[in-house]
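Enquirer: requesting a structural model of the entry that follows:
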Amino acid sequence: MNSHPSRSLPNISLFLFSSVALASAVFLTSVHSLALLPGVTSHYDNKRTLELILIGLGLLVIVFFPQLIESVLSHSKRKNTLLVLSGIVCLGLASALLAQSPRHALLEFSLLAGLALFSLLATRFWQRYQIQGLLIYVATLAISACIYMTGFYAGYLAAFLEDIPLRWPEPFYGFSSVRFFNQYQIWTFALFSLPMLLLPTLRPVLRRSMHMLLICWWVLLFASGSRGAIIAILLAYVATAIIYRQFALPLIWHQLLTLMFGLALYAVLFQVLPLFLAPDTDIASVNRWSGSGRLALWLTAVEVIQQNPLLGIGPMHYASLPNVTNNHPHSSLLQWASEWGIPSTLLLLGLVGSSLHSWIQRFNARTLKTESISPEIPPAIPVVLFCTLIGGMSYSLVSGVIVTPMSQILMVIVVGLMLGVYCQNQTKFLAHKIDRIAYRLVAGSILILLSWSVLPEFTPRLMDQTQFLSNQSTSVGPRLWLSGGIPRHQ
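Expert: Residues are numbered from 1 along each chain as shown. As a prediction, the model looks like this:
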């Protein structure tokens, strides 16, 4: 059987597929630096706009070329997964239709569904390009980080040259909140070690460059003052060490080594130098005891769950609650349970748990040692992808990882890559014509629903005519957009 079925596809399908991959690369490398462009003010909304365009492009590719994803959906264990997914979809639709604002609920529903299908294109990306493609993706993330750090360290240097004390969260830029930067950053750390693990003969200059990139990247994490992100990364290291043992040591050693150098550099740049050169500088600290309001958001979500246990309040509708300080509860689990209901949450947890169980059964210390997996998959790949996913999932429990646009795209790409690695060399079934019709119908329906539900808010923002938006002052803090759009419960 041909291990690269995409080679038999028409050239136009490969062109469109490559276009989506290129658009994803451009999105990842440039979207956070939109703040550097003149006249750009609403960074969060610009990211969301580009994300919606990217998802729409991906859905169009699937509609016209469903064969791109058929090998992903045709593996032998699909039935149970499809049953669970069908249950989640049905419960989500019921919750959306019964919500206070069905259009906003269906907007969230279709956005998440579009992201799920977009992840299948990431799976196809692995199947088509494999290790080479994965390294290209990591290089794209590295370029993205370098672009951001150029602006960050330039701002840091300018503050001292101009004798202007830094006021936290300076010199972070391009994100409406520094926590959105952390949500983007959480998906990158382990991946930045991958070139060193996969390419032992990597040129010394490139190896030193990746070391320096990670060290400087750690400085930004410490400077952001995020306790949740640091704890999530450390939990990911512990889980990876338990599952992969000796195969996790190269990754963890490299990460901890760069972490220690990053911590030392952070202490010099943000503790020692400001003490002598700019005593009035305001520095964030992870050693703080004060909370950030999350407890109140979590308690509100718990009350909503108690009042609406079956179907929740409706997708996105945490943003419609009165007297809340943010439009999401900063917890993926509480957000899903309060908006989609307990049954949907249990199905989702079952799906995630069974998927992780299947992954660990296929990729663990024993199978990697006995080389019972595909020789085309070096042990470093499942180790790094697992560590990345656990870090993102852990941070999502205390932050809006599943809400913000950059984090959503990075999350589904990692999930799609893991699905591609897991399905490597597994038995596939030829898709029937009716299957391709079903794929087209599903992707087309999601695209129509997403377009219908988002256009009333998307068009004015795209044309910079937000004064024509209705209810734009009824929503405080980010959800789909930075502000506005969903009526508040009274």
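Enquirer: quick one: mean pLDDT for the longest helix along the chain?
Expert: Ranked by number of residues, the top helix in the chain under DSSP state H is helix 102-161. The average pLDDT within helix 102-161 is 91.
Enquirer: wait, Ser331 sits on Leu295?
Expert: No. If you go by C-beta atoms under 8 Å, Ser331 and Leu295 don't touch, sitting 10.7 Å apart. C-beta coordinates here come from the backbone N, C-alpha and C atoms, glycine included.
Enquirer: what is the longest helix of the chain packed up against?
Expert: When contacts are defined as 3 or more C-beta pairs under 8 Å, 6 or more residues apart in numbering; DSSP states H and E, helix 102-161 sits against helix 11-30, helix 43-64, helix 67-73, helix 78-97, helix 194-198, helix 204-224, helix 405-422, helix 433-462.
Enquirer: got the buried residues for the longest one?
Expert: Of the residues in helix 433-462, 435, 439, 442-443, 446-447, 449-450, 453-454, 457-458, 460-461 count as buried by neighbour count, 16 or more other C-beta atoms under 10 Å.
Enquirer: again with the second one
Expert: Neighbour-count burial for helix 43-64, counted by 16+ other C-beta under 10 Å, picks out 43-52, 54-59, 61-63.
Enquirer: ok, Trp217 - contacts?
Expert: 145, 149, 185, 188-189, 192, 262 (C-beta atoms under 8 Å, 6 or more residues apart in numbering).
Enquirer: oh, I was asking about Pro195
Expert: With contacts defined as C-beta under 8 Å, 6+ apart, Pro195 is in contact with 135, 138-139, 202, 206-207, 210.
Enquirer: and those residues, which of them are buried?
Expert: For those, buried by 16+ other C-beta under 10 Å: 138, 210.
Enquirer: just give me the closest of the contacts of Pro195 to Met393.
Expert: Closest approach to Met393 among the contacts of Pro195 (C-beta to C-beta): Val138, at 20.0 Å.
Enquirer: now Tyr173: phi and psi?
Expert: Main-chain torsions, Tyr173, degrees, to the nearest 10: phi -150, psi 170.
Enquirer: going forward, count from 772.
Expert: Taking 772 as the first residue, the last one we looked at is Tyr944.
Enquirer: between all of the buried residues of helix 1204-1233, which two are separated the most?
Expert: Farthest-apart pair in those is Asp1206 and Pro1231; separation 39.2 Å (C-beta to C-beta).
Enquirer: so Ser1102 and Leu1066 - more neighbours on which side?
Expert: Just comparing Ser1102 and Leu1066: by other C-beta atoms under 10 Å the higher neighbour count belongs to Ser1102, 21 against 10.
Enquirer: ramachandran coordinates for the more buried one?
Expert: The phi/psi pair for Ser1102 (degrees, to the nearest 10) is phi -160, psi 120.
Enquirer: next one, pLDDT for it please.
Expert: On pLDDT, Ser1102 comes in at 95.
Enquirer: equivalent analysis for Ser777, please.
Expert: Ser777 carries a pLDDT value of 43.
Enquirer: what of the one 5 residues further on?
Expert: What the model reports as pLDDT for Asn782 is 68.
Enquirer: again with Leu1005
Expert: On the pLDDT scale, Leu1005 is placed at 96.
Enquirer: then Met981?
Expert: Predicted confidence (pLDDT) at Met981: the value is 93.
Enquirer: wait, doesn't it sit right on Met967?
Expert: Yes. Assessed by C-beta under 8 Å, Met981 is found in contact with Met967 at 6.1 Å.
Enquirer: does Leu912 touch Gln956 like I think?
Expert: No. Applying C-beta under 8 Å, one finds Leu912 not in contact with Gln956, separated by 10.2 Å.
Enquirer: coming back round to it: quick one, which of the helices and strands packed on helix 873-932 is nearest to Pro1086?
Expert: Nearest to Pro1086, of the helices and strands packed on helix 873-932 and by C-beta to C-beta, is helix 849-868 at 5.5 Å.
Enquirer: who are the packing partners of the closest one?
Expert: Using 3+ C-beta pairs under 8 Å, 6+ apart, helix 849-868 is in contact with helix 873-932, helix 1103-1111, helix 1113-1133.
Enquirer: distance between the longest helix of the chain and the chain's centre?
Expert: With C-alpha atoms, centre = their mean, to the nearest Å as the basis, helix 873-932 stands 7 Å off its chain's centre.
Enquirer: after it, next one along is what?
Expert: helix 949-956 (DSSP states H and E).
Enquirer: give the other helices and strands that that following helix contacts.
Expert: Counting contacts by 3+ C-beta pairs under 8 Å, 6+ apart, helix 949-956 packs against helix 975-995, helix 998-1015, helix 1176-1193.
Enquirer: make a markdown table out of those helices and add distance to Val1043.
Expert: Output for the helices and strands packed on helix 949-956, formatted as a markdown table (distance: least, C-beta to C-beta, whole Å):
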| stretch | distance to Val1043 |
| --- | --- |
| helix 975-995 | 13 |
| helix 998-1015 | 21 |
| helix 1176-1193 | 32 |
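Enquirer: out of those helices, deepest packed?
Expert: Neighbour counts (mean count of other C-beta atoms under 10 Å) averaged over each of the helices and strands packed on helix 949-956 peak at helix 1176-1193, with a mean of 23.
Enquirer: let me see the mean pLDDT of it.
Expert: pLDDT averaged over helix 1176-1193 gives 94.
Enquirer: what is the end-to-end distance of stretch 1005-1024?
Expert: Stretch 1005-1024 has an end-to-end distance of 12 Å (C-alpha to C-alpha, to the nearest Å).
Enquirer: meant to ask about stretch 863-875, not that
Expert: Stretch 863-875: ends 13 Å apart by C-alpha to C-alpha.
Enquirer: hmm, who's touching that stretch?
Expert: 876-877, 879-880, 1082-1088, 1090-1091, 1110-1112, 1115, 1224, 1227, 1251, 1256-1258, 1260.
Enquirer: so how far is Val1123 from Pro1080?
Expert: Separation of Pro1080 from Val1123 (C-beta to C-beta, to the nearest Å): 20 Å.
Enquirer: same check on Ile902?
Expert: Ile902 is 26 Å from Val1123, by C-beta to C-beta.
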